[in-house]
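Peer 1: generate coordinates for the sequence data below:
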Amino acid sequence: MFMRSTLLWVGVLIVSTSDGALAAGLDRQACEALSSSGIPADAISLKTGGAAISSARWTDLSGSAPFCKVSGKVLPVDPEAPPISWEVDLPSIWNGRMLQYGGGGYNGILPETTKASIHGPLDRPVPLAQGYVTFGSDSGHTAQNTNDASFAKNDEALVNYAYMHIRKTRDVAAWLVDTAYGQAPKATYFAGGSTGGREALTAALRWPDIYDGIISYYPTANFVGLRLWGAALNRAIYDDNSAGWIAPNLVKAIADYATAQCDELDGAKDGLVSNVDACRARSQDVIDHFACKDGKRDESCLTPVQIDRTIKVYHEGYSLPYKLANGFDRYPGYNSLEGITMNLGKQAAYAEPVISGPNAHHAARAYEFFQHFVGRDGKFDYRSFDITNPGPYKDRLLEISQMADANNPDLSAFQQAGGKLILVQGSEDPSVTPLGTVAYYEKVRETMGVDKASTFVRFYMLPGLAHGGGKFAPTWDSLAALDNWVVNDIAPEGYVATDTTETPTRGRTLPVCTYPTWPRFEGKGDVRDAANFTCASDK
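Peer 2: Here you go, the predicted structure:
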């Protein structure tokens, strides 16, 4: 709640908030005046062709105070490169905080900065309505969908996507904040998932003195490693006339069977696998149950080729005989025998271009990567590419890894600057491996020391969460948790997530448990109520 405002000059107000901080206000006149402003080149710390405001519109926010929607572009140095399109939303009453929204996939689309932050509560005001300056960009190119990676043929567009757009967009937002309110922000945050989660970690790693707090959901931190996994999956499925392809009905049967086998390991028969480690110990039972017997070969069982290639790479991942950036050489696979639904495509036939849906999703994402990030000339032989022997492409893979990966476990500069990190992963994610996020978190603890890591990092594994949705699509106020941690030094504790799926379980709650603990039902009361669960650590 804000206390009474005092007018200081035309268009700008100083507002005292309930926490004793000073915030600022903005009116229509000051908003519209921004449209005639010019953003100086030196306002952006990285090299650009300058930046321009294309519009500044006083806009109503449904059910809340109006805001100033400012749009524009950061112009490239290379005339052949696309600009970075951005949007900065300036609330009529500012709480002194800035929140940068991350993107998704290969980006190319502006994030929805007027909506809730990732997995934020749906029954509370969105960050903009709370007084946050919210902003984001398309990462430096436009696209019809987030699967399109053709932009990466241009060097500047690629480096913008990899990391530079993050800082360039933040610098534009900071200049607008200073111009509009006459104050520097009290705190600057970044929140995103998937690619946005990678961007969030990138912000902490590359600009630790700029970002005070980070929320990173299921980050594609091992960006190149993930694309190599997609290429490995492509070979596993489609070699030998698609001998490794598993039909959708069997994929579903495997997921359903694994879920049923492990459902009650957390004390509740509720369709969720919360005790994942205990479930993984039973993974061979799932394989044995579905393995073809007596020479049978049809779509109702798993052939030796499907088990040895597709199931193996999905569940166990791969190891490389060389290292990418930050010492990365292993991708650990997914919980594909613990209840997730493998994404192997609807058809057995391989075709180029590889398209997600008919073909396996990750095979398609990797195809785009290798054609445009790596090959760039339309001649890359993706069909027969061997990730363990990349030949002349090894140096290029390392170059991209150093540019785009956000898996450096040394967060000491961020920690020393007072930064806080909330890291979140879904146990049923088929897109970003939960095991990889666990491995990164453990590497941070090993590098930083367990005690020091505990002062600035919290990691949560949410059961049932896939990649955005899932059997349990949670909302919880991670932004409030982060802000309280940064501003008041109160570490997150006791938060509860609410299911938003369009199923009978909508509205159900679970405790948000700090990894490695998981929600265990205590055997009494309603399984829909988080109060009847504890965060357990036994297996």
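Peer 1: show me which positions of stretch 104-124 end up buried.
Peer 2: Buried residues in stretch 104-124, counted by 16 or more other Cβ atoms under 10 Å: 104-111, 113-114, 116-121. For the C-beta atoms, the positions are set from N, CA and C on the backbone; glycine is no exception.
Peer 1: with stretch 277-291 instead?
Peer 2: Quick answer for stretch 277-291 (16+ other Cβ under 10 Å): 278, 279, 280, 283, 286, 287, 290.
Peer 1: so where's the longest helix in this structure?
Peer 2: helix 223-242 (DSSP state H).
Peer 1: could you pull up the residues touching residue 329?
Peer 2: By Cβ atoms under 8 Å, 6 or more residues apart in numbering, the contact set of residue 329 is 319, 320, 321, 322, 323.
Peer 1: would you mind measuring from the nearest residue to the second one once chain neighbours are set aside to residue 201?
Peer 2: Beyond its immediate neighbours in the sequence, the residue positioned closest to residue 320 (Cβ to Cβ, 6 or more residues apart in numbering) is residue 329, lying 4.5 Å away. Separation of residue 329 from residue 201 (Cβ to Cβ, to the nearest Å): 19 Å.
Peer 1: sorry, back to before: CA-only coordinates of the longest helix of the chain in PDB, if you can.
Peer 2: Below are the C-alpha coordinates for helix 223-242, written out as PDB (Å, rounded to 0.1, in the frame of the first residue of the first chain):
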ATOM      1  CA  PHE A 223      22.500 -24.600 -24.200                       C
ATOM      2  CA  VAL A 224      24.900 -26.300 -26.500                       C
ATOM      3  CA  GLY A 225      24.800 -29.500 -24.500                       C
ATOM      4  CA  LEU A 226      21.000 -29.600 -24.900                       C
ATOM      5  CA  ARG A 227      21.300 -29.200 -28.700                       C
ATOM      6  CA  LEU A 228      23.900 -32.000 -28.800                       C
ATOM      7  CA  TRP A 229      21.400 -34.100 -26.900                       C
ATOM      8  CA  GLY A 230      18.800 -33.400 -29.500                       C
ATOM      9  CA  ALA A 231      21.200 -34.500 -32.200                       C
ATOM     10  CA  ALA A 232      22.000 -37.700 -30.300                       C
ATOM     11  CA  LEU A 233      18.300 -38.300 -29.900                       C
ATOM     12  CA  ASN A 234      17.800 -37.700 -33.600                       C
ATOM     13  CA  ARG A 235      20.300 -40.500 -34.500                       C
ATOM     14  CA  ALA A 236      18.900 -42.800 -31.800                       C
ATOM     15  CA  ILE A 237      15.400 -42.500 -33.300                       C
ATOM     16  CA  TYR A 238      15.900 -42.200 -37.000                       C
ATOM     17  CA  ASP A 239      18.900 -44.300 -37.900                       C
ATOM     18  CA  ASP A 240      18.200 -47.600 -39.600                       C
ATOM     19  CA  ASN A 241      14.900 -46.500 -41.100                       C
ATOM     20  CA  SER A 242      13.700 -45.100 -37.700                       C
END
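Peer 1: same for the next helix or strand after that helix, what does it pack against?
Peer 2: Remark: after helix 223-242, the chain's next helix or strand is helix 248-262, criterion DSSP states H and E. Packing partners of helix 248-262 (3 or more Cβ pairs under 8 Å, 6 or more residues apart in numbering; DSSP states H and E): helix 276-280, helix 283-290.
Peer 1: mind putting the ones you listed into TSV with distance to residue 70 and mean pLDDT?
Peer 2: Shown next, in TSV, are the helices and strands packed on helix 248-262 (distance: least, Cβ to Cβ, whole Å; pLDDT from 0 to 100):
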stretch	distance to residue 70	mean pLDDT
helix 276-280	44	96
helix 283-290	51	97
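Peer 1: can you add distance to residue 355 and give these back as TSV?
Peer 2: Converted to TSV, the helices and strands packed on helix 248-262 look like this (distance: least, Cβ to Cβ, whole Å):
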stretch	distance to residue 355
helix 276-280	31
helix 283-290	27
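Peer 1: tell me the gap between stretch 341-361 and the middle of its chain.
Peer 2: Relative to its parent chain, stretch 341-361 has a centroid offset of 23 Å by Cα atoms, centre = their mean, to the nearest Å.
Peer 1: torsion angles phi and psi at the residue nearest to the spatial centre of the chain?
Peer 2: Taking Cα atoms, centre = their mean, the centroid of the chain lies closest to residue 193, which sits 1.9 Å from it. Main-chain torsions, residue 193, degrees, to the nearest 10: phi -130, psi 150.
Peer 1: partner residues bridging the closest residue to it other than its chain neighbours?
Peer 2: Once flanking residues are discounted, residue 193 sits nearest to residue 217: 3.4 Å by Cβ to Cβ, 6+ apart. Beta-bridge partners recorded for residue 217 (DSSP bridges): residue 193, residue 424.
Peer 1: now, which of the buried residues of stretch 277-291 sits nearest residue 211?
Peer 2: For the buried residues of stretch 277-291, the closest approach to residue 211 (Cβ to Cβ) belongs to residue 280, at 34.6 Å.
Peer 1: return the distance of the closest one relative to residue 244.
Peer 2: Computed with Cβ to Cβ, the distance linking residue 280 and residue 244 is 22 Å.
Peer 1: out of the contacts of residue 329, which is most surrounded?
Peer 2: residue 320 (18 neighbours; other Cβ atoms under 10 Å).
Peer 1: right, and it touches residue 389 too?
Peer 2: No: using Cβ atoms under 8 Å, residue 320 makes no contact with residue 389, being 9.9 Å away.
Peer 1: residues contacting the closest residue to residue 338 other than its chain neighbours?
Peer 2: Nearest in space to residue 338, with sequence neighbours left out and distances taken as Cβ to Cβ, 6+ apart, is residue 279 at 4.4 Å. By Cβ under 8 Å, 6+ apart, the contact set of residue 279 is 258, 261, 262, 265, 273, 335, 338, 339.
Peer 1: in stretch 51-67, which residues are buried?
Peer 2: Those would be 51, 53, 56, 58, 61, 64, 65, 66, 67, for stretch 51-67 by 16+ other Cβ under 10 Å.
Peer 1: just the ones of those residues in strands?
Peer 2: 51, 53, 56, 58, 67 (DSSP state E).
Peer 1: tell me the one among the buried residues of stretch 51-67 nearest to residue 227.
Peer 2: Residue 227 has its nearest neighbour among the buried residues of stretch 51-67 in residue 51, at 31.1 Å by Cβ to Cβ.
Peer 1: about what we covered before: and the buried residues of stretch 277-291, which is closest to residue 410?
Peer 2: Looking across the buried residues of stretch 277-291 and measuring by Cβ to Cβ, the closest to residue 410 is residue 280, at 29.0 Å.
Peer 1: report the contact partners of the closest one.
Peer 2: Contacts of residue 280 by Cβ under 8 Å, 6+ apart are 335, 337, 338.
Peer 1: looks to me like the second one is in a strand.
Peer 2: So that's residue 337. No: applying DSSP: H, G, I helix; E, B strand; the rest coil, one finds residue 337 to be coil, outside a strand.
Peer 1: correct me, but it touches residue 310?
Peer 2: No: with contact defined as Cβ under 8 Å, residue 337 does not count as touching residue 310 (11.9 Å).
Peer 1: rewinding a little: to residue 251, which of the helices and strands packed on helix 248-262 lies closest?
Peer 2: helix 283-290 (10.4 Å).
Peer 1: show me what that closest one is packed against.
Peer 2: helix 248-262.
Peer 1: can I get the helix or strand hosting residue 85 in CSV? Just the C-alpha atoms.
Peer 2: For residue 85, the host element (DSSP H and E) is strand 84-91. The C-alpha coordinates for strand 84-91 follow below in CSV (Å, rounded to 0.1, in the frame of the first residue of the first chain):
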residue,chain,number,x,y,z
ILE,A,84,16.5,-5.3,-30.9
SER,A,85,12.8,-4.5,-30.3
TRP,A,86,11.9,-3.7,-26.7
GLU,A,87,9.1,-2.6,-24.5
VAL,A,88,9.4,-0.8,-21.2
ASP,A,89,6.3,-0.3,-19.0
LEU,A,90,6.5,2.6,-16.6
PRO,A,91,3.8,2.5,-13.8
